[in-house]
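1. What follows is a predicted protein model with its sequence.
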Amino acid sequence: MIEGRTGPWETVIGLEVHAQVISKAKLFSGAATDFGAEPNTQVSPVDAAFPGMLPVINRFCVEQAVKTGLGLNAKIELESVFERKNYFYPDLPAGYQISQYQQPVVGQGRISLDMPDGTVREIGITRLHLEQDAGKSLHDQHPSLTYVDLNRAGVALMEIVSEPDLRSAEEAGIYLRKLRSILRYLGTCDGNVSVRRPGEPLGTRCEIKNVNSIRYVMQAIEHEARRQIELIEEGGRVEQQTRLFDARRGITRPMRSKEEAHDYRYFPDPDLLPLVLDPDWVKRLRAELPELPDAKKARFVSDYGLSADDADVLVAEKETALYFERVAKGRDPKVAANWVMGDLFGVLNRLAIGIDQSPVSVEQLGALIDLIADGTISGRLAKDVFAEMAASGADPAAIVEAKGLRQVTDSRAIEAAVEAVLTAQAEKVVEYRAGRDKLYGFFVGEIMRATQGKANPALVHELLRKQLAG
Amino acid sequence: MSDGSLLALTLAQARDGLVRKSFSAREFALAYNDAVEEAKVLNAYITPTPERALEMAKATDARLARGEGLPLDGIPIAVKDLYCTKGVLTTAASHILDGFHPPYESTVTSKLWQAGAVMLGKTNLDEFAMGSSNTTSWYGPVENPWHRQIGSPKGDNRPLVPGGSSGGSATAVAARAALAATGTDTGGSIRQPASFCGIVGMKPTYGRCSRWGVVAYASSLDHPGPMVRTVRDAAIMLRAMAGHDPKDSTSAPVPVPNFEAALTGDIRGLRVGIPKEYRVDGMPAEIETLWRQGAEWLRSAGAEVVDISLPMTKYALPAYYIIAPAEASSNLARYDGVRFGLRVERGTLDEMYEVTRAAGFGAEVRRRVLIGTYVLSAGYYDAYYLKAQRVRTLIMRDFAKAFEQVDCILTPTAPSAAFAIGEKTEDPVAMYLNDVFTVPANLAGLPAISIPAGLSGEGLPLGLQISGRAFDEETVLRVAEVLERAAEFRHVPSFVAGDRG
Amino acid sequence: MPLDKAAVARIAALARIRLGEAELEPLAEELSQILSWMEQLNEVDTSEVPPMASAVATSLPMRNDEVTDRTRREDILGNAARTTQGFFVVPKVLE
């Protein structure tokens, strides 16, 4: 709820996400889709809408769309139609975009969101369809000219539309993060989220463009919701329009271009036929789907005994989950989880890298955990070893040897250390025995210092208590 | 052989002559290059390509010398300037494609060149294939090589239209300034000019010939096809042009039969349908007479003539004039001055688009783009476009039902003979009625051929049309050849290249 | 349904074709005539009839995910009246 002047307002939000399909060639032509190519070097005459050119659909792009639909628990439409969306713009060479309108390839679906308060919200997916991306218009290269690069023209996009089930900017953020996670798991599209339509407190849709990060989406929604509420409270009407998000100022503003009636004159593309999918093919794709976040999380909780929160963190990225599982194999999963979420994430965040670039390999972390488990090294010192592993890339065993960090488990040695400390701190021992319990920790600290941290803690406690007891 | 008699050979005869080395491909190409030059007065060509023709003929002669002749080796062919020809100016007869040299070759013409054919040049047409008179071209109208007989009513020697939109191709073939030509047929644009010019023109089944590289007018109705002198020639050329093309999603994945082998001459027991709805008001009596004569010829050859009904016939034209412009309005949106063709610089982007397109498109194209935009626009889509597509389904059902009773259908090709340039061409609706007999086959995607069957009272050719089941070009060709034999159309137009008489 | 000048102007704007003021009225009449001729389709009962999807009775053929087109930039830009540094060029669009 957002507090307005006249009372609380509920925001009703639906989101439309465009994600680029991962494929080698474009949706309707055989040109390449690589990023960063020189302008207009990855353009087929089909993409450039030369006279007489015709579209032929890329099977793999269809497969990716179907897999995504399956991952969103959605209905796969065995028959769907491509339609032309007609409008003029320099990065749209044909003067129309091939998209899907009345009969998209994927219908109703849903995503479960794990909310911070522990509840689960189901967000509906209205549809998913395939469409062509447009080229790029560069407006900032020249004072009076726009430069056009058609490399992106014709690349396959998936448009994923949610039901207007979201109720706040925060929910929108959670939805987008979950959606992105699922898409990355499926590997069907790259994680870049380009969002187009937040905001409708009262059923009037405003389309907001130029929103390229989840943070910006949330800002745009917040701003837009407040703008609309203010407008309505002051007696105005929200116009249906397209607005641009200005990230620098954190506001939305109307697009300066001529307000044109968006009459796209959709009609089925006569150069294409209806797309008909073989149900057996769809079944096979379903069977080949990777385990998705929700299922993986449930399995982590039940099989590894992890808490829901911890499982959440570990499954957010497929690579993290894989890393964790490999470390946890044959080891205590909770220990593995703590190391991954604690020290490893700490290093990754500090270096601002992903887990796929981790300086510490699965084998190395596993070996470290083994060294703790078999008592070679104390948990405390292991943290230092980990830091050294991250910095140098060396194996834990090598570091332990090189630095002589092997845990001391020799009772006599520890006994001697305990005795030495208690002798040196004789007065404090008296105070302790007189009731100052807090000095226990001090003694432990002194013993650890004396043994350079290598004394086995359990043994320290056992022997210290014995000696203190007198 | 003299130029004149070389030019008089049919494709089938020339094919044999070349193989037998009665003349060389070079001689042949030279004769046709001269003919193209001679026929300039008719304005049939936009871009003659005489050097290329000679180069290609040279390759033919080399192959023939080695005994490795290809199916169409040395055959001089004119290409409707709607087909993209690599490196050769391709205009669609429009100002808006000024200077356009495609970096690719259409599938159909590629196949023709791979079969050894020789390119004479690009022929004139109605702009963007929109028209039935070839009077809307940016490059000026084409003149029919036939003239009305002096002494006949209206026999005044005025230039006549060749029909359209493939008017240039029809004229070139009729005037012997090409041995064969490619055309496209969206509402009758091969058959109607063939009828007006006294030649054979065939629209095959939709998807039989690839549309890749053919400038699109109305995607679901465009059919590339051959324009030639005889039915046998049509069979030979169609075989070379046809074939599944994976680059065209609407290309039919069916094998290409040997169409020539279908010309058995035997149509005994075949059932020929005569649809009563094609007897339209105001149809000239001579056309009705010719039609009856055609039925008689087929009956004499052993066919059974059956009266059939195609109730949706009259709705084919209005349906066509909704669907075609709608598709065209979208297909022509790419002509905006940015990547090819005419560009008129103006202040803003939209101004540049608007002025470029206004300057680049002729009046008929503009008319159809506006109609098409309107019928697709919000609020009208259901009433017009969707309605027309439903009517189209009914038209297909009409034919399906008819083909349960008959194997082919005989009708006139056009409701009149060629008319004069300027006569009739000002009233759009009157012009649209030229297509009344041809349009249904486009909507249904069925194969149909026009053959010259007789002369009008003014001495102008009149065509008869045979149409058939989808992918049954063989029956259509077989019946057409029988009709051709019976009609014995030996007449020759007033203008014929190489004619020293 | 007869078209008036305003309707013609709207359609022309959608189609990006500039019309002179003097052309609007005659075009409105001409287009109206054509459209009313088309209205005879209303005589046909199409209530149970599906719109035709295509004259070809098959479903959409698909191609493999391979880069099969490596058209050189010169061929893509070669027919343009104006290009610069590998780009197409248009009057600047303001957003």
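-> Arrived safely, thanks for sending.

2. quick one: A:G4 from chain B, how far?
-> 34 Å (Cβ to the nearest Cβ, to the nearest Å). For the C-beta atoms, the positions are set from N, CA and C on the backbone; glycine is no exception.

3. Not counting stretch B:279-292 itself, show me its contacts.
-> B:274, B:410-412, B:415-416, B:436, B:453-454, B:456-457, B:462, B:464 (Cβ atoms under 8 Å, 6 or more residues apart in numbering or on different chains).

4. Determine which two of the residues you listed are furthest apart.
-> Pairwise distances across those peak at 23.2 Å for B:I274 and B:G457 (criterion: Cβ to Cβ).

5. who's in contact with residue 87?
-> Defaulting to chain A. A:Y87 makes contacts with A:95-97, A:262, A:264, as judged by Cβ under 8 Å, 6+ apart.

6. That was the other one, I meant chain C.
-> Contacts of C:F87 by Cβ under 8 Å, 6+ apart are A:39-40, A:138, A:141, A:147-149.

7. Tell me which of these fall in strands.
-> A:138, A:147-149 (DSSP state E).

8. any idea which of the residues you listed has the most stuff around it?
-> Neighbour tally across the ones in strands among the contacts of C:F87 (other Cβ atoms under 10 Å in any protein chain shown): the maximum, 27 neighbours, falls on A:V148.

9. Need the contacts of C:F87 in TSV (columns: pLDDT).
-> As requested, the contacts of C:F87 are exported to TSV (pLDDT from 0 to 100):
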residue	pLDDT
A:P39	98
A:N40	98
A:L138	94
A:Q141	92
A:Y147	97
A:V148	97
A:D149	98
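
10. just these that are near chain B?
-> Filtering the contacts of C:F87 for proximity to chain B (criterion: Cβ under 8 Å from any Cβ of the partner chain) leaves A:V148.

11. which stretches of chain C aren't confidently modelled?
-> C:1, C:95 (pLDDT under 70).

12. Run through the strands of it in chain order.
-> Here chain C has its strands, by DSSP E, at C:62-63, C:83-84, C:87-91.

13. what about B:E55, how many neighbours?
-> When neighbours are defined as other Cβ under 10 Å, B:E55 has 13 of them.

14. Please, which helix or strand holds it?
-> Element membership for B:E55, per DSSP states H and E: helix B:50-65.

15. do the same with A:F345
-> helix A:345-351.

16. Show me what that helix is packed up against.
-> helix A:379-392 (3 or more Cβ pairs under 8 Å, 6 or more residues apart in numbering or on different chains; DSSP states H and E).

17. circling back to that earlier point, just checking: what are the partner strands of the helix or strand that the helix holding B:E55 is followed by?
-> Where DSSP H and E defines the elements, the next helix or strand beyond helix B:50-65 is strand B:76-80. Sheet pairing for strand B:76-80, assigned by DSSP bridges, gives strand B:118-123 (parallel), strand B:180-185 (parallel).

18. after the first one comes which helix or strand?
-> By that I understand strand B:118-123. helix B:167-174.

19. list the contacts for A:E122?
-> A:E122 neighbours (Cβ under 8 Å, 6+ apart): A:110-113, A:165.

20. Relative to the whole chain's centre, how far out is stretch A:61-74?
-> Its chain's C-alpha centre and that of stretch A:61-74 lie 18 Å apart, by Cα atoms, centre = their mean, to the nearest Å.

21. helices or strands up against the longest helix anywhere in chain C?
-> Ordering each helix of chain C by length in residues (DSSP state H) puts helix C:21-38 first. If contacts are counted by 3+ Cβ pairs under 8 Å, 6+ apart, helix C:21-38 sits against helix B:313-331, helix B:363-376, helix B:428-432, helix C:5-14.

22. Adding mean neighbour count and distance to chain A, write those helices out as TSV.
-> TSV is the format used below for the helices and strands packed on helix C:21-38 (neighbours: other Cβ atoms under 10 Å in any protein chain shown; distance: least, Cβ to the nearest Cβ, whole Å):
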stretch	mean neighbour count	distance to chain A
helix B:313-331	26	5
helix B:363-376	24	4
helix B:428-432	16	20
helix C:5-14	18	6
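
23. Lowest mean pLDDT across these, which one is that?
-> Looking over the helices and strands packed on helix C:21-38, mean pLDDT reaches its minimum on helix B:428-432, with a mean of 75.

24. helix or strand right after that helix?
-> Sequence-wise, the next helix or strand downstream of helix B:428-432 (DSSP H and E) is helix B:439-444.

25. who are the neighbours in contact with the residue of the stretch 301-450 of chain B found nearest chain A?
-> Closest contact between the stretch 301-450 of chain B and chain A, by Cβ to the nearest Cβ, is at B:A333 (2.5 Å). Counting by Cβ under 8 Å, 6+ apart, B:A333 touches A:86, A:88, A:94-96, C:15-16.

26. Assign A:I125 to helix, strand or coil.
-> strand (DSSP: H, G, I helix; E, B strand; the rest coil).

27. Correct me if wrong: it contacts A:S112.
-> No. Between A:I125 and A:S112 there is no contact under Cβ atoms under 8 Å: 11.5 Å.

28. neighbour-wise, which of these two wins?
-> A:I125 (23 against 14).

29. Now do the closest residue in space to the more buried one that isn't next to it in sequence against chain B, distance only.
-> Leaving aside its sequence neighbours, A:I125 sits nearest to A:G109 (Cβ to Cβ, 6 or more residues apart in numbering or on different chains; 3.7 Å). For A:G109, the distance to chain B equals 28 Å [Cβ to the nearest Cβ].

30. okay, now A:G109: neighbour count?
-> Applying other Cβ under 10 Å, we find 23 residues neighbouring A:G109.

31. sorry, back to before: between the contacts of A:Y87, which is nearest chain B?
-> Among these, A:G95 lies closest to chain B (Cβ to the nearest Cβ), at 2.5 Å.

32. Distance check, the closest one against A:N86.
-> To A:N86, A:G95 is 6 Å away according to Cβ to Cβ, to the nearest Å.

33. OK, contacts around residue 53?
-> In the absence of a named chain, this looks at chain A. With Cβ under 8 Å, 6+ apart, A:M53 has these contacts: A:44-46, B:212-213.

34. let's do chain C instead
-> Contact analysis of C:A53 by Cβ under 8 Å, 6+ apart lists A:81, A:268, A:273-274.

35. Mind giving me the ChimeraX select for these, buried ones only?
-> The buried residues among the contacts of C:A53 can be selected in ChimeraX (16 or more other Cβ atoms under 10 Å in any protein chain shown) with this line:
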select /A:81,268,273
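
36. The contacts of C:A53 also near chain B: which ones?
-> Restricting these to those near chain B - Cβ under 8 Å from any Cβ - leaves A:L273.

37. Report the helix or strand with the lowest average pLDDT across chain B.
-> Lowest on mean pLDDT, DSSP states H and E among the helices and strands of chain B sits helix B:428-432, with a mean of 75.

38. for that one, packing partners?
-> Packing partners of helix B:428-432 (3+ Cβ pairs under 8 Å, 6+ apart): helix C:21-38.

39. Report the separation between the closest residue to chain A within the stretch 51-200 of chain B and B:Q114.
-> The nearest approach of the stretch 51-200 of chain B to chain A comes at B:C84, 4.9 Å away (Cβ to the nearest Cβ). Separation of B:C84 from B:Q114 (Cβ to Cβ) stands at 16 Å.

40. how does chain A divide into domains?
-> Per automatic domain parsing, the domain ranges recorded for chain A read A:2-286, A:290-402, A:411-469.

41. These: which one's closest to B:D350?
-> That would be, of the domains of chain A and by Cβ to Cβ, domain A:2-286, which comes in at 7.3 Å.

42. Can you give the distance of that closest one from its chain's centre?
-> On Cα atoms, centre = their mean, the centre of domain A:2-286 falls 18 Å from the chain's centre.

43. what's the first-to-last distance across it?
-> For domain A:2-286, the first and last residues are 41 Å from each other (Cα to Cα, to the nearest Å).

44. which sections of the stretch 151-300 of chain A are below the confidence cut-off?
-> Low-confidence segments of the stretch 151-300 of chain A, defined by pLDDT under 70: A:190-212, A:238-242, A:244, A:254-261.

45. That one: helices as residue ranges?
-> A:169-186, A:214-233, A:279-287, A:293-304 (DSSP state H, counting those that start in this stretch).
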